[in-house]
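Asks: Provide a 3D model corresponding to the input given below.
(chains A and B)
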Amino acid sequence: MHVPDGFIDLPTSLATGAVAVGAVGFALRRSDRELAVAGPALPGLVAAFVFAAQMVNFPVGAGTSGHLMGGALAAALVGPSTALVCLSVVLLVQALLFADGGLTALGTNVTLIGVVTVLVGYAVTRLLLTATRRWSARPAAVVPAAAAGAFVSVPAAALVFVLLYQIGGTVPIPLATLTAAMVGWHLVIGVGEAVITAVVLSAVVAVRPDLVYAVRDRRRTLVLDDPTTPADQPADGAPAARAGGDGDGHVDGLLGGLLGGHEGEAVARPARPSVRSARGLAGAALSVSLVVAGLVALLSSARPDGLEFVAEALGFDEAARDSAVAASPLADYGFTGLGAVGTTVAGVVGVAVTLLAVWLIASLRRAGSSGAGAGPERATASAR
Amino acid sequence: MGPDGLLVARDSVVHRLPAHGKLLAVLGFVVCVVATPAGSWWVFAAQALALLAVVSLARLPWATVARRLTVELPFLVFAAVMPFVATGTRVDVLGLSLSEAGLLGGATLAIKATLGVLAAVVLSATTGAAALLAALLRLRLPAAFVAIAAFMVRYVGIVAGDLRRAAIARESRGATGSLGHLRAAAGGVGTTFVRSYERGERVQQAMLARGYAGRMPELRAVMVADHPVPAGLLWCAALPAAALAALLAGVLT
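Replies: Okay, the predicted model is just below:
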């Protein structure tokens, strides 16, 4: 979805250019220390990977194929700062060498494909990882989380494009039509992005889980807290070899069996992050609901007369209804006649219901697991 | 893609111009094109003529240029949809009810996008990737950013080769690309990420072993030096100047 020259007018392009320069500058500064240690070769190769992976056509079914945008995937793999730097390098080189995406639209493209997909994708990924920590602390949990992030990131970028087009678009298109067409189509693309991201990530997690930035805090460090018995020392190497092979929770089970008498210590460690994650979950959920509310408010204020637009478009034109609107899953959503207030209320109610459901499940889960104890359960789950 | 990028090797005036001048010229040209009001057909025609003159000065094969223009096809489809979905007064064209503003805007978009892509094609076909990177450095982009871009340009061909070999291996084992083989296809991509990352680590270690101390050797040595730079910059200014003149003439008359 590279935007070419001329789609967005100059002032808006300048504004998005400023956003892009600011974001990339911030990301460069943030990854400055990493760059000093890792050098430019590592991000350069990650950028080359993103570039090459965008050229791979994946079978999506029904004879069609899709390709990756890669924002959420890169963010999960190497972290948001490096991912943003890598993606903007890719976009710059594509614009300069491959004429893909206009030069004046470079800021817009970096904002859409870089900033928005990386931020949204990574935020959703981290949020889900935090929220599901009590169910699974394994690195493989990043697969569904990043898939959800990838799924959300694509229509989010489409939404921001719609917003930019509304500000600086050169042809008057009814907002509802554009939104329905763009978001509807990109929901489909988002499904493909999510599937590809999930399968690529699961392949990486299976081989080198330590390379996945989003779960870097879940690395299995095979250091025993209390290596008093010398018998533990030689045994240390065996689980290390196995962990290198499959890289999921086997180590936990093995360690649990090895430690035996130290069970109290082994159980206490996973219990601490779950308390912290409950607080993190609440904060993250609150911030996301705020973001969602902000987006909804933004959208509803951007179209004070959205329904008039729609009526006009529908009254005038058969083609618009057939081509752009009818095919999209959001068609009914936009035309229910709720209006801006209804949409906002619906959004807030949805967020509240979701929060309530999560809280209920979490408390049920806590009630269930407090009797059994977290340690043995984790051990059996991972030793299967 | 090698270190030369998409360079079409020719000995022409345009090829010899300094890379940063050409980069600025293309940027200035595209800005003028984007600033041109919708429906100023004569201005667009003059700008297109100026750009086509550069293409013929650069002695680029027209077939190659036309083939590289195809990257904009998806957005041309978007522009073609505009007459159907835009608002405003309607006109009947061949029995279809089309929006007047949509027709005007769609045609303008198609022209602007085509001119922008053509300008970028000329830039990439007359300038090697290394020269472009040096130009970015000269235009004061952060050195770390340009260094990453340099590594990307250097290694993208190798990573793409890895991916291609993974695809050949997959297909030779019977997974030829229907939906059921998605896992195999993505597995190859995941493995390629791990290989790329590990290659990056090895490259970094090799650099450290050879005395890399946090700064890349100067890219400036790549700069094309046989053309006196101030004169070259003047020549580069011709294209955006022509576009600007056409724009001003169109707006004032």
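Asks: my read: B:His15 touches B:Thr126, true?
Replies: Yes. Checked against C-beta atoms under 8 Å, the pair B:His15 and B:Thr126 is within contact range at 4.8 Å. (Each C-beta comes from the backbone N, C-alpha and C, glycine too.)
Asks: Give the residue from these two that has the larger number of neighbours.
Replies: The residue with more neighbours, out of B:His15 and B:Thr126, is B:Thr126; 27 against 22, by other C-beta atoms under 10 Å in any protein chain shown.
Asks: Relative to chain A, how far out is the more buried one?
Replies: Distance, B:Thr126 to chain A, by C-beta to the nearest C-beta, to the nearest Å: 12 Å.
Asks: before we move on, back to that, next, show the common contact partners of B:His15 and B:Thr126.
Replies: Common contacts of B:His15 and B:Thr126 (C-beta atoms under 8 Å, 6 or more residues apart in numbering or on different chains): B:Ala58.
Asks: Which positions in the stretch 151-253 of chain B make contact with chain A?
Replies: For the stretch 151-253 of chain B, the residues in contact with chain A (C-beta under 8 Å from any C-beta of the partner chain) are B:151-156, B:158-160, B:162-163, B:167, B:177-179, B:181-183, B:185-187, B:189-194, B:196-197, B:199-201, B:203-204, B:207-208, B:212, B:214, B:216.
Asks: can you pull the contacts of B:Ile111?
Replies: A:6, B:44, B:48.
Asks: Where helices are concerned, which of those residues count?
Replies: Mapping the contacts of B:Ile111 onto helices (DSSP state H) picks out B:44, B:48.
Asks: Please report which of the contacts of B:Ile111 has the highest neighbour count.
Replies: With neighbours taken as other C-beta under 10 Å, the top of the contacts of B:Ile111 is A:Gly6, carrying 30 neighbours.
Asks: Please report how far that one lies from B:Val85.
Replies: Separation of A:Gly6 from B:Val85 (C-beta to C-beta, to the nearest Å): 18 Å.
Asks: Same check on A:Leu127?
Replies: In terms of C-beta to C-beta, A:Leu127 sits 35 Å off from B:Val85.
Asks: got it, and B:Arg183?
Replies: Going from B:Arg183 to B:Val85 by C-beta to C-beta gives 38 Å.
Asks: How about the contacts made by B:Gly88?
Replies: A:172, B:99-102.
Asks: okay, those in CSV with distance to A:Asp32 and pLDDT next?
Replies: Formatted as CSV, the contacts of B:Gly88 follow (distance: C-beta to C-beta, whole Å; pLDDT from 0 to 100):
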residue, distance to A:Asp32, pLDDT
A:Pro172, 44, 73
B:Ser99, 50, 77
B:Glu100, 53, 77
B:Ala101, 48, 78
B:Gly102, 47, 80
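Asks: can you pull out the helices in chain B?
Replies: Assigned by DSSP H, chain B shows helices spanning B:13-16, B:19-35, B:41-57, B:62-68, B:73-85, B:100-126, B:129-138, B:143-172, B:182-209, B:229-236, B:238-252.
Asks: before we move on, what about the stretch 101-250 of chain A?
Replies: A:106-109, A:117-131, A:142-168, A:175-207, A:232-235, A:237-246, A:250-259 (DSSP state H, counting those that start in this stretch).
Asks: So for chain B, which of the ones you listed sits nearest?
Replies: The closest of the helices of the stretch 101-250 of chain A to chain B is helix A:175-207. By C-beta to the nearest C-beta, the value is 2.5 Å.
Asks: check whether the closest one contacts chain B.
Replies: Yes. Contact of helix A:175-207 with chain B (C-beta under 8 Å from any C-beta) involves A:177-178, A:181, A:195-196, A:199-204, A:206-207.
Asks: Looking at the residues you listed, which one is closest to B:Ala119?
Replies: Nearest to B:Ala119 among the residues of helix A:175-207 next to chain B is A:Leu178, at 27.6 Å by C-beta to C-beta.
Asks: quick one: contacts for the residue lying closest to B:Pro37 once chain neighbours are set aside?
Replies: Counting by C-beta to C-beta, 6 or more residues apart in numbering or on different chains, B:Pro37 lies nearest to B:Val251, which is 7.1 Å off, once chain neighbours are set aside. Residues in contact with B:Val251 (C-beta under 8 Å, 6+ apart) are B:37, B:40, B:43.
Asks: Equivalent analysis for A:Pro155, please.
Replies: Residues in contact with A:Pro155 (C-beta under 8 Å, 6+ apart) are A:183, A:186-187, A:190.
Asks: hmm, back to that, just the buried ones from the contacts of B:Gly88?
Replies: Among the contacts of B:Gly88, the ones that count as buried by 16 or more other C-beta atoms under 10 Å in any protein chain shown are A:172, B:99, B:101-102.
Asks: what's near enough to touch B:Ile158?
Replies: Neighbouring residues of B:Ile158 by C-beta under 8 Å, 6+ apart: A:48, B:199.
Asks: repeat for B:Gly232
Replies: Shown in contact with B:Gly232 (C-beta under 8 Å, 6+ apart): B:16-18, B:21.
Asks: Neighbour-wise, give me the winner out of those residues.
Replies: Ranked by neighbour count (other C-beta under 10 Å), the contacts of B:Gly232 have B:Pro18 at the top, with 25 neighbours.
Asks: ok, and the closest non-adjacent residue to that residue?
Replies: Spatial nearest neighbour of B:Pro18, excluding adjacent residues (C-beta to C-beta, 6+ apart): B:Gly232 at 4.5 Å.
Asks: Flag every residue of the stretch 101-250 of chain A that's near chain B.
Replies: For the stretch 101-250 of chain A, the contact set with chain B under C-beta under 8 Å from any C-beta comprises A:102-105, A:170-174, A:177-178, A:181, A:195-196, A:199-204, A:206-208, A:211.
Asks: switch to 6 Å and redo it
Replies: Residues of the stretch 101-250 of chain A found near chain B (C-beta under 6 Å from any C-beta of the partner chain) are A:102-104, A:170-174, A:177, A:196, A:199-200, A:203-204, A:207-208, A:211.
Asks: if you skip the residues just before and after it, what's nearest to A:Glu193?
Replies: Nearest residue to A:Glu193, sequence neighbours excluded (C-beta to C-beta, 6+ apart): A:Ala150, at 4.5 Å.
Asks: In terms of pLDDT, where does that neighbour sit?
Replies: Confidence at A:Ala150, expressed as pLDDT, is 92.
Asks: Contacts only, for it.
Replies: By C-beta atoms under 6 Å, 6 or more residues apart in numbering or on different chains, the contact list for A:Ala150 reads A:72, A:121, A:193-194, A:197.
Asks: coming back round to it: widest-spaced pair of the contacts of B:Gly88?
Replies: Taking C-beta to C-beta as the measure, these span a maximum distance of 10.5 Å, between A:Pro172 and B:Glu100.
Asks: what separates the residue minimising distance to the centre of chain B from chain A, distance-wise?
Replies: The C-alpha lying nearest the average C-alpha coordinate of chain B belongs to B:Ala120 (C-alpha atoms, centre = their mean; 4.6 Å). The spacing between B:Ala120 and chain A, counted by C-beta to the nearest C-beta, is 4 Å.
Asks: does A:Ala15 sit in a helix or strand, and which one?
Replies: helix A:10-30 (DSSP states H and E).
Asks: outside of stretch B:6-22, which residues touch it?
Replies: So stretch B:6-22 is contacted by A:97, B:57-60, B:123-128, B:131-132, B:135, B:138-139, B:227, B:229, B:232-233, B:235-236 (C-beta under 6 Å, 6+ apart).
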